[in-house]
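Asker: Turn this into a model:
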Amino acid sequence: IAPKILKFAQPVWIKLDELIKERKKILFEGAQGILLDVDHGTYPFVTSSNTVPAMAATGSGLGPNKINYVLGITKAYTTRVGSGPFPTELKDKIGETLGKRGKEFGTVTARKRRCGWFDGVLVRQTIKISGINAIALTKLDVLDELDEIKMCIEYNLNGTKIDYLPTSSEDQFNIKPVYKSFPGWKSSTQGVRNIQDLPEKAKNYIFALE
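Answerer: Coordinates of the predicted model:
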């Protein structure tokens, strides 16, 4: 099939340079979560490559100075596929509820995702590693029916409070999440596109993410 495919191939860096000169908008999409990054993720429970936004420049041949906006995408709760540390994982009825309402199955492998409370420590760390300018928050409606919602704001490691994921795999498995609790809004947020149209309790939860 090579002869049929190669006629569509060309040096990507040349094409991107041409598009930039034409003042075109170029969109790069990351394939996996930042914490699966081989250098900055939860090693050894990672993928085989870099998944941070900087990889867009490396992989395409586009200079890093040409990337001017990074949008992070995260759910209103935290999930993980496969093995590895997961400080806020819920192995109870609430975790099952999040998985069912959120239809949490791997898009490629169809493996069931592990679910847990929103981990603000990991998200803050990811924002710094990735140079994220803004966040698109998804699946808020999965939390609509919960009476109480929790958010991890820091970790406890052997009696010491820390605000980052430790490098050691052993420490990553031993950290305990410190939670802040929020009352559930108990009403539908499905389809809401303007934050001002959300229930007050939902807005309080979102603003706490900052």
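
Asker: in this structure, which residue is closest to the centre?
Answerer: Of all residues in the chain, the one closest to the mean position by C-alpha atoms, centre = their mean is Thr74, 4.1 Å from it.

Asker: How much space separates it from Arg80?
Answerer: 13 Å (C-beta to C-beta, to the nearest Å). Every residue, glycine included, has its C-beta placed from N, CA and C.

Asker: one step back: helix, strand or coil: sort out the residue nearest to the centre of the chain for me.
Answerer: Per DSSP: H, G, I helix; E, B strand; the rest coil, the local secondary structure of Thr74 is strand.

Asker: Am I right that it is in contact with Arg124?
Answerer: No. Using C-beta atoms under 8 Å, Thr74 is not in contact with Arg124, being 11.1 Å away.

Asker: Mind telling me what element the closest residue to Gly184 other than its chain neighbours is part of?
Answerer: Leaving aside its sequence neighbours, Gly184 sits nearest to Leu146 (C-beta to C-beta, 6 or more residues apart in numbering; 4.4 Å). Under DSSP states H and E, no helix or strand contains Leu146.

Asker: and Leu146, backbone torsions?
Answerer: The phi/psi pair for Leu146 (degrees, to the nearest 10) reads phi -80, psi 140.

Asker: What of Lys112?
Answerer: According to degrees, to the nearest 10, Lys112 has phi -70, psi 130.

Asker: Am I right that it is in contact with Leu98?
Answerer: No. Counting by C-beta under 8 Å, Lys112 does not reach Leu98; the two are 11.5 Å apart.

Asker: In this protein, mark out all the helices, start to finish.
Answerer: Along the chain, counting by DSSP state H, helices occupy 2-6, 12-21, 55-60, 93-101, 120-130, 169-174, 200-208.

Asker: Just the buried positions in the first one, please.
Answerer: This means helix 2-6. Within helix 2-6, no residue is scored as buried using 16 or more other C-beta atoms under 10 Å.
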